[in-house]
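> here's my sequence, what's the structure:
(2 chains)
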Amino acid sequence: AQSVTQPDIHITVSEGASLELRCNYSYGATPYLFWYVQSPGQGLQLLLKYFSGDTLVQGIKGFEAEFKRSQSSFNLRKPSVHWSDAAEYFCAVGPGSWGKFQFGAGTQVVVTP
Amino acid sequence: NAGVTQTPKFQVLKTGQSMTLQCAQDMNHEYMSWYRQDPGMGLRLIHYSVGAGITDQGEVPNGYNVSRSTTEDFPLRLLSAAPSQTSVYFCASSSGQGALTEAFFGQGTRLTVV
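As a prediction, this is how the structure comes out:
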């Protein structure tokens, strides 16, 4: 069965500092991996996705993620955060059978001045 | 570009009432699904559909019904609302398996059951 773990429920970071969000997955085959962001009161927006090839994936808003098969990880990074990056971030794996996605519990990011 | 449209955005129900959350997509996606989002639990799959006339249960289906009579629409019915169904509900669609697929989400419905 596929599963996704986001170990950090809440992260506080200063504006301009770097950010790394952790994601570990369990999947029987080569995973398709995703990071979504949810701003307050909004739906989920895709930041980036990994299917195959280069293990370092670039996304929107200056985010990148690195796939490490040996560690079953797909961590999200941003070199310098902006106040507008305050949001909840979800890692997801899929689609599995019948188009289903599995989501992590999410990491809430707070950006301080 | 409408994408995935959910209505209503907010709803308050009394315990025992029934209602239908609407979801429509205009991308001709084969797969559609409903999730509920609760604090600390991420998104949990309620029901999903792989095409018109085909639906199945997800992780937390109790208290909810779905049907899919067209490719575009996938309504979620609460049969007899309970306070435990207070949550934010998201509808999503995707084109299926393959390198270009991802889940597209609606803006969500915030439901409160009192």
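
> the residue nearest the centre of chain B is in what secondary structure piece?
Among the residues of chain B, the one closest to the centroid is B:W34, at 2.8 Å (CA atoms, centre = their mean). B:W34 is part of strand B:31-38 when elements are defined by DSSP states H and E.

> contacts for whichever helix or strand comes after that strand?
Downstream of strand B:31-38, the first helix or strand assigned by DSSP H and E is strand B:42-51. Under the contact criterion CB atoms under 8 Å, 6 or more residues apart in numbering or on different chains, strand B:42-51 has outside partners A:4, A:6, A:44, A:90, A:98-101, A:103-106, B:30-38, B:55-61, B:64-66, B:68, B:71, B:74, B:76, B:89-90. (C-beta placed from N, C-alpha, C; glycine too.)

> now the buried members of those residues.
With burial judged by 16 or more other CB atoms under 10 Å in any protein chain shown, the buried subset of the contacts of strand B:42-51 is A:4, A:6, A:44, A:90, A:98-101, A:103-106, B:30-37, B:55, B:58, B:60-61, B:64, B:66, B:68, B:71, B:74, B:76, B:89-90.

> on that earlier part again, now the angle from the strand holding B:W34 to strand B:42-51?
160 degrees (axes from the mean of the first three to the mean of the last three CA atoms, to 10 degrees).

> for chain A, which segments count as strands?
A:3-5, A:10-14, A:19-21, A:24-26, A:33-38, A:44-50, A:56-58, A:64-68, A:73-78, A:87-93, A:102-103, A:107-112 (DSSP state E).

> so can I have CSV of these showing distance to B:L43 and mean pLDDT?
What follows is the strands of chain A, written out as CSV (distance: least, CB to CB, whole Å; pLDDT from 0 to 100):
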stretch, distance to B:L43, mean pLDDT
strand A:3-5, 10, 92
strand A:10-14, 18, 97
strand A:19-21, 16, 98
strand A:24-26, 15, 92
strand A:33-38, 9, 95
strand A:44-50, 8, 94
strand A:56-58, 21, 95
strand A:64-68, 19, 95
strand A:73-78, 17, 97
strand A:87-93, 7, 95
strand A:102-103, 4, 90
strand A:107-112, 13, 96
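
> could you dump those to CSV with distance to B:A82?
Listed next are the strands of chain A as CSV, based on distance: least, CB to CB, whole Å:
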stretch, distance to B:A82
strand A:3-5, 27
strand A:10-14, 29
strand A:19-21, 34
strand A:24-26, 32
strand A:33-38, 25
strand A:44-50, 26
strand A:56-58, 41
strand A:64-68, 38
strand A:73-78, 36
strand A:87-93, 26
strand A:102-103, 23
strand A:107-112, 27
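
> and the residue lying closest to A:G16 once chain neighbours are set aside, what does it touch?
Spatially, and ignoring its direct neighbours in sequence, A:G16 is nearest to A:S80 (5.4 Å; CB to CB, 6 or more residues apart in numbering or on different chains). Listed by CB under 8 Å, 6+ apart, the contact set of A:S80 reads A:G16, A:A17, A:S18, A:G62.

> what's the burial count for the nearest residue to the third one once chain neighbours are set aside?
In other words, A:S18. Take A:S18 and drop its neighbours on the chain: the residue closest to it by CB to CB, 6+ apart is A:P79, 5.4 Å away. Residues contacting A:P79 under the criterion other CB atoms under 10 Å in any protein chain shown number 11.
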